[in-house]
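*Asks:* Next input, structure requested:
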Amino acid sequence: MKVLLLTLFLVLVCAAQETPAEIDPSQVRGDWRTIYLAADNKEKIVEGGPLRCLYRQIECINGCEYLSLTFYVKLDGTCQLFHEVAKRQEGDVYIIEFSGTNVFQLIHVSDNMLVTYIENDDREKITKITEGVAKGDSFTQEELQKYQELNNERGVPNENTDNVTETGKAPEDHRYPK
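*Replies:* Numbers count the residues shown, from 1 in each chain. Alright, predicted model coming up:
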């Protein structure tokens with residue numbers, strides 16, 4: 001009887017430690033709009049910061065071995081459009097070279113919401129960043145709460161969160177009037 005109880009206990013412990021199902025990157029294809037940005041080093045994501053990326057589109061290439069990312073960054077007072085390709089590595093993380101080396105991971109996907117986690121290494125410091133993007137123009141209260149929970153899990157302070165929809169609009173996109 002003790003062996004049976006011990007076996008049951010071990011099965012329950014192992015099940016509780018099971019890693020969550022990995023996100024299928026093909027779920028993220030399409031048009032997305034950045035709603036929230038947060039970082040442990042906020043100067044990287046403030047308006048005019050090198051990592052204040054405003055996503056517009058994500059596409060899978062070769063069965064999602066690569067992700068094509070289309071986004072805007074405001075550099076020297078001008079919004080600039082970028083098309084970058086990230087290569088998938090072991091563990092479903094992607095590597096992209098932009099303002100340093102970035103390890104990019106999709107950490108949450110729902111019908112309207114996608115959250116990415118990025119570790120940027122600019123050779124001086126590693127900055128942790130989360131980016132909440134949506135199919136629409138905003139998050140529901142539940143989506144915002146989920147985003148904040150993911151920040152907490154990754155060690156990104158919620159007080160460093162910016163609602164980027166309040167800071168203006170990118171060219172050819174009238175969703176975010178200033």
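*Asks:* C-alpha only now, for contacts and for neighbours.
*Replies:* Will do.
*Asks:* Centroid-nearest residue for the protein?
*Replies:* Of all residues in the chain, the one closest to the mean position by Cα atoms, centre = their mean is Thr116, 1.3 Å from it.
*Asks:* Which element is encountered next along the chain beyond the helix or strand it falls within?
*Replies:* Per DSSP states H and E: Thr116 is located in strand 113-121. Using DSSP H and E, the helix or strand that directly follows strand 113-121 along the chain is strand 126-134.
*Asks:* Give me the neighbour count for the nearest residue to Glu43 once chain neighbours are set aside.
*Replies:* Counting by Cα to Cα, 6 or more residues apart in numbering, Gly49 is the residue found nearest to Glu43 once chain neighbours are left out, at 6.3 Å. Counted with other Cα atoms under 10 Å, the neighbours of Gly49 add up to 15.
*Asks:* Same check on Arg56?
*Replies:* For Arg56, the neighbour count with other Cα under 10 Å is 21.
*Asks:* swap in Cys60?
*Replies:* Taking other Cα under 10 Å as the neighbour definition, Cys60 ends up with a count of 19.
*Asks:* ok, now Thr127?
*Replies:* Thr127 sits with 19 neighbouring residues when counted by other Cα under 10 Å.
*Asks:* Also Tyr94?
*Replies:* Burial of Tyr94 is recorded as 20 neighbouring residues (other Cα under 10 Å).
*Asks:* hey, what's it bridged with?
*Replies:* Beta-bridge pairing of Tyr94, defined through DSSP bridges, involves Arg88, Phe104.
*Asks:* got a list of what it touches?
*Replies:* For Tyr94, the contact set (Cα atoms under 8 Å, 6 or more residues apart in numbering) comprises 66-67, 86-88, 103-105.
*Asks:* in the protein, which helix or strand is least confident?
*Replies:* In the chain, the helix or strand scored least confidently by mean pLDDT, DSSP states H and E is helix 2-16, which has a mean of 34.
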